[in-house]
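**Student:** Predicted model and sequence follow; I will ask about them next.
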Amino acid sequence: MTSKDKIARRKLSLLELATDLQNVSRACKVMGYSRQQFYEIRRNFQTFGAEGLIDRLPGARGPHPNRVSAEIEAAVLDHALVHPCHGAVRVEQELRLKGLQVSAGGIRGVWQRHGLLTKHERLLRLEKTTAERTIELSDEQTRLLERFSPEFRERHIEAPHTGSLVAVDTFFVGTLKGVGKVYLQTAIDCHSRYAFARLYSSKLPVTAVHLMNNDVLPTFEAHDAKIETVLSDNGREFCGRPDQHPYELFLQLEDIDHRTTRVKRPQSNGIVERLHRTLLDEHFRVEGRRTWFETIDE
């Protein structure tokens with residue numbers, strides 16, 4: 001028996017007791033009700049029967065008469081999927097341009113009914129929709145997901161076959177006394193997870209070209225594989241004027257496309273970032289405590 005059923009049975013007992021005693025005041029005193037409550041209970045019982053004894057919350061039953069139509073509600077939900085960071089006023093203005101009349105309060109009501117009242121909840125809906133079905137994400141949606149979702153931002157890069165995408169990056173290892181700063185030039189095939197790396201004392205386009213020309217390309221040619229695309233950040237050792245920059249010219253001579261990550265978003269090249277973190281934690285910091293290195297060759 002629920003709490004509502006218990007309250008209804010108590011009210012029914014009040015009515016029966018008043019009938020038996022033939023005294024409303026005394027029955028109310030015994031059951032702990034006021035006379036006004038007794039008459040309201042009796043009126044509801046006479047009008048609605050047994051269901052009149054169940055407490056009812058005030059307000060409209062079912063959908064509110066002022067609720068927006070199904071067409072407008074669907075438009076609001078679609079807009080929240082395409083532009084999850086737009087506020088209620090912005091959505092109202094965009095929908096009015098499309099000929100749909102709805103207020104900002106009505107939009108917030110739709111969001112509240114579907115659990116989308118906050119920007120974070122709308123972004124989670126976009127990510128969930130992307131995971132459940134294959135949809136074409138716009139640049140705005142991709143940018144928002146990369147900004148607010150760590151899992152989406154650090155996802156693995158997908159490459160269908162060896163050589164389809166080779167990720168490159170430069171990592172600052174540390175400083176050697178008498179040598180100066182030491183940098184690690186890294187290249188990794190995103191399909192096979194096979195990596196190449198060399199240490200250099202400078203961070204220049206020449207060192208990036210040296211790794212590709214001496215290690216990466218010969219290995220791919222030995223296995224009859226071709227590098228189709230190289231992915232790098234926007235560092236000066238990788239990017240520059242296509243007609244003057246050594247690295248850009250080298251890729252053009254080898255017929256290799258050059259892709260770059262978004263500005264200030266190096267996480268989109270996360271496969272190299274994780275490799276550098278592993279090398280730093282499991283090799284450089286460990287060996288640096290055991291051995292005193294004096295040259296890059298060591």
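**Tutor:** Great, that's in hand.
**Student:** I'd like to know which elements the longest helix seen in the chain is packed against.
**Tutor:** Using DSSP state H to define each element, the chain has its longest helix at helix 3-21. On a contact count with 3 or more Cβ pairs under 8 Å, 6 or more residues apart in numbering; DSSP states H and E, helix 3-21 meets helix 24-31, helix 35-48. Quick note: C-beta positions are derived from backbone N, CA and C, even for glycine.
**Student:** so what does the longest one touch, helix or strand wise?
**Tutor:** This points to helix 35-48. Partner elements for helix 35-48 (3+ Cβ pairs under 8 Å, 6+ apart): helix 3-21, helix 24-31.
**Student:** And the average pLDDT for the next helix or strand after it is what?
**Tutor:** Next helix or strand after helix 35-48 toward the C-terminus (DSSP states H and E): helix 70-82. Here helix 70-82 scores 91 as its mean pLDDT.
**Student:** sorry, back to before: for Val216, which of the helices and strands packed on helix 3-21 is the nearest?
**Tutor:** Checking the helices and strands packed on helix 3-21 against Val216 by Cβ to Cβ gives helix 35-48 as the closest, at 81.9 Å.
**Student:** Just the C-alpha atoms of that closest one, please, in PDB.
**Tutor:** Output of helix 35-48 as PDB, limited to C-alpha atoms (Å, rounded to 0.1, in the frame of the first residue of the first chain):
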ATOM      1  CA  ARG A  35     -14.100  20.800  10.100                       C
ATOM      2  CA  GLN A  36     -13.200  22.700   6.900                       C
ATOM      3  CA  GLN A  37     -11.000  19.700   5.800                       C
ATOM      4  CA  PHE A  38     -13.900  17.300   6.600                       C
ATOM      5  CA  TYR A  39     -16.400  19.100   4.400                       C
ATOM      6  CA  GLU A  40     -13.800  19.300   1.500                       C
ATOM      7  CA  ILE A  41     -13.200  15.600   1.800                       C
ATOM      8  CA  ARG A  42     -16.900  14.800   1.900                       C
ATOM      9  CA  ARG A  43     -17.600  17.000  -1.100                       C
ATOM     10  CA  ASN A  44     -14.800  15.400  -3.100                       C
ATOM     11  CA  PHE A  45     -16.000  11.900  -2.100                       C
ATOM     12  CA  GLN A  46     -19.600  12.700  -3.200                       C
ATOM     13  CA  THR A  47     -18.400  14.200  -6.500                       C
ATOM     14  CA  PHE A  48     -15.500  11.800  -7.600                       C
END
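**Student:** For that helix, which residues meet the burial criterion?
**Tutor:** Neighbour counts over helix 35-48 (16 or more other Cβ atoms under 10 Å) mark Phe38, Ile41, Arg42, Asn44, Phe45 as buried.
**Student:** Now do that helix, average pLDDT.
**Tutor:** 88.
**Student:** Run the angle between it and helix 3-21 for me.
**Tutor:** Inter-element angle recorded for helix 35-48 and helix 3-21: 100 degrees (by axes from the mean of the first three to the mean of the last three Cα atoms, to 10 degrees).
**Student:** who's in contact with helix 35-48?
**Tutor:** Here helix 35-48 makes contact (Cβ atoms under 8 Å, 6 or more residues apart in numbering) with Lys11, Leu12, Leu14, Leu15, Ala18, Val24, Ser25, Ala27, Cys28, Tyr33, Gly52, Leu53.
**Student:** which stretches of the stretch 151-298 of the chain form strands?
**Tutor:** 166-176, 180-189, 195-200, 229-232, 257-260 (DSSP state E, counting those that start in this stretch).
**Student:** The longest helix of the chain versus helix 24-31: what angle between them?
**Tutor:** Between the axes of helix 3-21 and helix 24-31, defined by the same axes, to 10 degrees, the angle is 140 degrees.
**Student:** Run a quick neighbour tally on the residue nearest to Ser34 when sequence neighbours are not counted.
**Tutor:** In this structure, Ser34 finds its nearest non-sequential neighbour in Cys28, 6.2 Å apart by Cβ to Cβ, 6 or more residues apart in numbering. Neighbourhood size, Cys28 [other Cβ atoms under 10 Å]: 19.
**Student:** Cys28 contacts Ser13, doesn't it?
**Tutor:** No: with contact defined as Cβ atoms under 8 Å, Cys28 does not reach Ser13; the gap is 12.0 Å.
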